[in-house]
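Participant: Quick one: sequence plus predicted model below, questions after.
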Amino acid sequence: MQVDIDMGTTSTGDVASLDIEELLATRLLVQGNSGSGKSHLLRRLLEQSAKWVQQVVIDPEGDFVTLSDAFGHVVVDGERSEGELIGIANRIRQHRVSCVLTLEGLEIEDQMRTAAIFLNALFDADRDHWYPVLTVVDEAQMFAPTGGGEVPEEVRRQSLGAMTNLMCRGRKRGLAGVIATQRLAKLAKNVAAEASNFLMGRTFLDIDMARAADLLGMDRRQAEQFRDLKRGNFVALGPALSRRPLKVIIGPVETSARSSSPKLMPLPDKPEDVDDLIFTPDPEDLARQASAPRRVTPRPRPTVDIIDQLSQSADAAPEPRGPRANTMTDEEREDWITMTLAEIADGKESAFRSDSELYQDFLMRGRMKRISGAPLSMSDFRRRLAVARSGVDDAMAESEAWQMALSLTPHVTDDLQGVFLMLAKAALTGEPCPSDATIARAYGTHSARRARRFLDWFEEQGLIVLHTEPGGKRVVAFPDLDAKTEGGDPDAPADAGERRDAAE
């Protein structure tokens, strides 16, 4: 069956089609310097083909996890043991579930090792499970480098071997490799050479332009055109795309990455006492120098949770009908939603599970109560879960100040709304400012550095004002709410309740 997906338009205004069935047999290589639109191209390809073929994405930066909300991809955190990764990969192939393996937060050596384990497990799956899988690897030069770099040779060989299996031998096992790289010169030749389809974007170095021209069968004098390509413009060639080099303009996408290109913004006014501000030592400076940074490994989500999710059929069970359907009143239904959201928010691992996973848990609880349909949409679930995680009580939830806080949440990304509302609640009740550990837990990470970046970002958006008291206590003020927190120790551990949970 031939399935053509729309990748955008050609330079002549025609539809740029990509034959998915042909792509599964001939593989694809995408090349372009940083900022050329590679990730946008991959996202367009994944979105357009999501309903036609199973997909596995190796995601070094966590940019593609947003596919889970719109297209149902399971997000697999790379912070797992080898046995867990192999088991998950086998069940991914068995149940034909699309997934994103996110390697965000791992060191490059761990990223290479984790990707190699997962790809090899997909490759070694039972013959009965050799269904077609579009296997997308972003930043492929990291996993199939031409040289060893700073990683151990054993890790490099393991990662390169997995990528070679994917591109050279994966076709007969149903694995169709789609690899994207910033520079062809950094990508191992035996991996790049197995692709028969190419999408070449903007590049500036002579060696990369020459190699791109060779792959496309173009005269080397024509290679100069790669310097002039705009963002999102690519030259396509291959049996799944075009028999001759063809300029393609990639179309829009439905989802977006969590990270984006930096935008210019005016610098703040220079303080009069800038020298004192910068060079006056902080009492904590010496303490920071005395202790080396310690890497904290997040606790992985229990394997049983992801097994349960993967074991479910890809198609949702039919909604209960007739006398077996629940006949809750609107008031009872609202009470159940409020109670269920509170239970989910209070779960020990709730903060470290993605919203899409928690939403599946919420829907399952609704089916157990024989509630027909989805009690809440995904967007409403996210918003109300953020409110539940903030810890606001019924009295405050009805207050005008809290409604004002809720009106500010559209200025915050979905994943940060829970953190923002937790800070707003602390300010409205006059509680101490939450510590970095508490803020990190509310987001679902163990990184205190990331928690501090959240506060800086809120301040850049004009939502809060940060202030440090003489004793080092941190205060967060909300100009729109005319409220501020009490001073809190940013380096304090998570609150006592969370420490008890951890101990248990």
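Facilitator: Yes, it's here. Numbers count the residues shown, from 1 in each chain.

Participant: Is Ala240 in a helix, a strand, or coil?
Facilitator: Of the three states, Ala240 takes coil under DSSP: H, G, I helix; E, B strand; the rest coil.

Participant: Phi first, then psi, for it.
Facilitator: phi -90, psi -10 (degrees, to the nearest 10).

Participant: I'd say it and Asp19 touch.
Facilitator: Yes. Using C-beta atoms under 8 Å, Ala240 is in contact with Asp19, at 4.5 Å. Glycine gets a C-beta too; all of them are placed from N, C-alpha and C.

Participant: any idea how far stretch 90-104 is from the chain center?
Facilitator: Centre-to-centre, stretch 90-104 and its host chain are 14 Å apart (C-alpha atoms, centre = their mean, to the nearest Å).

Participant: any residues touching that stretch, and which ones?
Facilitator: 50, 54-62, 64-65, 67-68, 71-78, 110-111, 114-115, 118, 121-122, 125-126, 129-131, 133, 307, 310-311, 313-314 (C-beta atoms under 8 Å, 6 or more residues apart in numbering).

Participant: hmm, back to that, out of Ala240 and Asp19, name the residue with the larger neighbour count.
Facilitator: Using other C-beta atoms under 10 Å, the more surrounded residue of Ala240 and Asp19 is Ala240, with 23 against 18.

Participant: List the contacts of the one helix or strand Asp380 maps to.
Facilitator: According to DSSP states H and E, Asp380 maps onto helix 378-390. Residues outside helix 378-390 that contact it (C-beta under 8 Å, 6+ apart): 69, 337-338, 341-342, 344-345, 350-351, 355-356, 358-359, 362, 376, 397, 406, 409, 414, 417-418, 420-422, 424-425, 442.

Participant: And the buried ones among those residues, selectable in PyMOL?
Facilitator: Applying 16 or more other C-beta atoms under 10 Å to these, the buried members can be selected in PyMOL as follows:
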select buried, resi 69+337+341+344+345+350+351+355+356+358+359+362+376+406+409+414+417+418+420+421+422+424+425+442
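
Participant: Filter the contacts of stretch 90-104 down to the buried ones.
Facilitator: Buried among those (16+ other C-beta under 10 Å): 50, 54-62, 64-65, 67-68, 73-78, 111, 114-115, 118, 121-122, 125, 129, 133, 310.

Participant: Narrow those residues to those in strands?
Facilitator: Assigned to strands by DSSP state E, the following of the buried ones among the contacts of stretch 90-104 qualify: Gln54, Gln55, Val56, Val57, Ile58, Asp59, Val74, Val75, Val76, Asp77, Val133.

Participant: contacting residues for the residue nearest to the fifth one when sequence neighbours are not counted?
Facilitator: Same thing as Ile58. Excluding the flanking residues, the one nearest Ile58 by C-beta to C-beta, 6 or more residues apart in numbering is Val137, at 4.5 Å. By C-beta under 8 Å, 6+ apart, the contact set of Val137 is Ile58, Ala115, Phe143, Met163, Leu166, Gly177, Val178, Ile179, Ala180.

Participant: what helix or strand is the last one on?
Facilitator: Using DSSP H and E, the element containing Ala180 is strand 175-181.

Participant: same check, this time on the fourth one
Facilitator: Met163 belongs to helix 153-164 when elements are defined using DSSP H and E.

Participant: any idea of the angle that helix forms with strand 175-181?
Facilitator: Using axes from the mean of the first three to the mean of the last three C-alpha atoms, to 10 degrees, the inter-axis angle of helix 153-164 relative to strand 175-181 is 120 degrees.

Participant: C-alpha coordinates for stretch 363-380, CSV please?
Facilitator: Provided in CSV are the C-alpha atoms of stretch 363-380 (Å, rounded to 0.1, in the frame of the first residue of the first chain):
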residue,chain,number,x,y,z
LEU,A,363,-8.7,7.9,32.4
MET,A,364,-8.2,4.4,33.7
ARG,A,365,-9.7,5.4,37.1
GLY,A,366,-12.6,6.9,35.2
ARG,A,367,-13.2,3.6,33.3
MET,A,368,-13.0,1.7,36.6
LYS,A,369,-15.9,4.0,37.8
ARG,A,370,-17.7,3.3,34.5
ILE,A,371,-17.6,6.9,33.5
SER,A,372,-18.2,7.1,29.8
GLY,A,373,-15.9,9.2,27.7
ALA,A,374,-13.0,11.4,29.0
PRO,A,375,-14.0,13.2,32.2
LEU,A,376,-11.5,16.0,31.3
SER,A,377,-9.6,17.0,28.2
MET,A,378,-5.8,16.8,28.3
SER,A,379,-5.5,20.6,28.6
ASP,A,380,-8.0,20.8,31.4
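
Participant: For that stretch, list every residue counted as buried.
Facilitator: Those buried within stretch 363-380 under the rule 16+ other C-beta under 10 Å are Leu363, Arg365, Gly366, Ile371, Pro375, Leu376, Met378.

Participant: can you give me the helices in the stretch 1-150 of the chain?
Facilitator: 20-26, 38-49, 67-71, 82-95, 108-123, 140-143 (DSSP state H, counting those that start in this stretch).

Participant: rewinding a little: Produce a ChimeraX select command limited to the buried residues of the contacts of Val137.
Facilitator: To isolate the buried ones among the contacts of Val137 in ChimeraX, judged by 16+ other C-beta under 10 Å, type:
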select :58,115,143,163,166,177,178,179,180
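
Participant: With distance to Val476 and pLDDT as new columns, can the contacts of Val137 be given to me in JSON lines?
Facilitator: Listed next are the contacts of Val137 as JSON lines, based on distance: C-beta to C-beta, whole Å; pLDDT from 0 to 100:
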{"residue": "Ile58", "distance to Val476": "38", "pLDDT": "95"}
{"residue": "Ala115", "distance to Val476": "39", "pLDDT": "94"}
{"residue": "Phe143", "distance to Val476": "41", "pLDDT": "92"}
{"residue": "Met163", "distance to Val476": "46", "pLDDT": "93"}
{"residue": "Leu166", "distance to Val476": "47", "pLDDT": "92"}
{"residue": "Gly177", "distance to Val476": "47", "pLDDT": "93"}
{"residue": "Val178", "distance to Val476": "44", "pLDDT": "94"}
{"residue": "Ile179", "distance to Val476": "44", "pLDDT": "93"}
{"residue": "Ala180", "distance to Val476": "40", "pLDDT": "93"}
